[in-house]
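**Q** Below: sequence and its predicted model.
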Amino acid sequence: MKNLSLLAVLAASTFAFPAFAQDRDTSNDFNGPYISIVGGGTLQGNDRGETLVFDTNRDGTYGDTVTTVAGADAFSPGFCNGAATSAANLGCRNDKDGPEYFARLGYDKRMGNFVVGLVLEGGRSHARDSVSAFSTTPAFYTMSREADYQAGARLRAGYTPGGGALFYVTGGGAYAKLDNRFTTNNAANSFADNGRTNAWGYAAGGGAEVMVTNNIAVGLEYLYTDLKDKDYVVNVGPGTAPATNPFLLNGGGTDIQRSDPHFRTHSVRGTLSFRF
């Protein structure tokens, strides 16, 4: 709620400032280098239909069914989008939204009323994306991920009606170092994972920016980010489990991944920029 209140104030400020800006010389607005601080909220929607997928013979192909000695599906209770709240049912907490904060370096070239530019930024978002599976034991298995840090390089293009205000679209590449975590109440098998992984993708969106002095601008921006990570794997081993354990029936172990490698977020952020 605090994030939404802050963004509401920023939005109101963004549309209130143009009248004040008309008293300035706007001929050189949005032209040249600038630095910015960026802050706002990241929304992580629940990914419908996401599951965990299994490679029971470790041949690199996922989609195998983990079966019991009797041939039944060991994960017949199913899956849910979010972090498990218990082992005995399909209850899950929703994915976590969170604040974000970034620093930005940019350069704009103004040509009449049109502006093109380059944006480089880095920072962090605290959104978390989880998915859980439930076995007949009963037991739960949850994978979660969030970004340790993120970076992006984007182009932007916009229109300024004579300076003072800029309306733009932006898009380009995105990167994140993801912090992956695995939790389960299965105490019989052993579990090992590769922890942090690299995710690459893209970001796109748009926004508005207004000059409040000859050097300071404030803005409001929306950004959609799609990062792809296919490298995170959990390796299930014997531990103290007997050979009849479902994870061990097809060769002594099973690998687990998420069915959807995409980490998608929506960001609404305010910007404060200093132009040189």
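**A** Great, that's in hand.
**Q** Run through the bridge partners of Ser267.
**A** Bridge pairing for Ser267 (DSSP bridges) gives the partners Thr42, Leu223.
**Q** so it touches Gly39, yeah?
**A** No - counting by Cβ atoms under 8 Å, Ser267 stays clear of Gly39, with 10.2 Å between them. For the C-beta atoms, the positions are set from N, CA and C on the backbone; glycine is no exception.
**Q** Looking at the two, which one has more neighbours?
**A** Ser267 (20 against 17; other Cβ atoms under 10 Å).
**Q** For that one, give me its contacts.
**A** Taking Cβ atoms under 8 Å, 6 or more residues apart in numbering as the criterion, Ser267 is in contact with 40-43, 100, 125, 205, 221-225.
**Q** Export those as a markdown table, with columns for pLDDT.
**A** Listed next are the contacts of Ser267 as a markdown table, based on pLDDT from 0 to 100:
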| residue | pLDDT |
| --- | --- |
| Gly40 | 96 |
| Gly41 | 95 |
| Thr42 | 93 |
| Leu43 | 90 |
| Glu100 | 96 |
| Ser125 | 93 |
| Gly205 | 98 |
| Glu221 | 98 |
| Tyr222 | 98 |
| Leu223 | 97 |
| Tyr224 | 96 |
| Thr225 | 96 |
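**Q** filter those to the buried ones?
**A** Burial by neighbour count, 16 or more other Cβ atoms under 10 Å: within these this picks out 40-42, 100, 125, 205, 221, 223, 225.
**Q** For Met211, see how far away Asn198 is.
**A** Look at Asn198 and Met211: by Cβ to Cβ, to the nearest Å, they are 38 Å apart.
**Q** These two: which has the busier surroundings?
**A** When Asn198 and Met211 are compared on other Cβ under 10 Å, the one with more neighbours turns out to be Met211, at 26 against 11.
**Q** Give the bridge partners for the more buried one, please.
**A** Going by DSSP bridges, Met211 forms beta bridges with Ala217.
**Q** these two touch, right, it and Gly163?
**A** Yes - taking Cβ under 8 Å as the definition, Met211 is a contact partner of Gly163 at 7.2 Å.
**Q** on that earlier part again, closest one of the contacts of Ser267 to Gln257?
**A** Thr225 (21.1 Å; Cβ to Cβ).
**Q** Phi first, then psi, for the nearest residue to Tyr222 once chain neighbours are set aside.
**A** Leaving out its chain neighbours, the residue that sits closest to Tyr222 by Cβ to Cβ, 6 or more residues apart in numbering is Gly205, at 4.6 Å. Backbone geometry at Gly205, expressed as degrees, to the nearest 10, gives phi 180, psi -150.
**Q** now swap in Leu248 and tell me
**A** In terms of degrees, to the nearest 10, the main-chain angles of Leu248 are phi -110, psi -10.
**Q** what about it, distance to Asp129?
**A** Distance, Leu248 to Asp129, by Cβ to Cβ: 29 Å.
**Q** Of those two, which one has the most company?
**A** Asp129 (27 against 19).
**Q** what's the pLDDT at the more buried one?
**A** pLDDT recorded at Asp129 is 93.
**Q** element containing it?
**A** Using DSSP states H and E, Asp129 falls within strand 129-135.
**Q** For that strand, which outside residues touch it?
**A** With contacts defined as Cβ under 8 Å, 6+ apart, strand 129-135 is touched by 44, 47, 50-52, 66, 74-75, 77-84, 87, 89-90, 92-93, 95-96, 140-146, 186, 246, 258-260, 263.
**Q** quick one: strands adjacent to the helix or strand just after that strand?
**A** Later in the chain than strand 129-135, the nearest helix or strand by DSSP H and E is strand 139-159. When pairing is defined by DSSP bridges, strand 139-159 lines up against strand 114-125 (antiparallel), strand 129-135 (antiparallel), strand 165-184 (antiparallel).
**Q** average pLDDT for the last one?
**A** Okay, so that is strand 165-184. In this model, strand 165-184 carries a mean pLDDT of 97.
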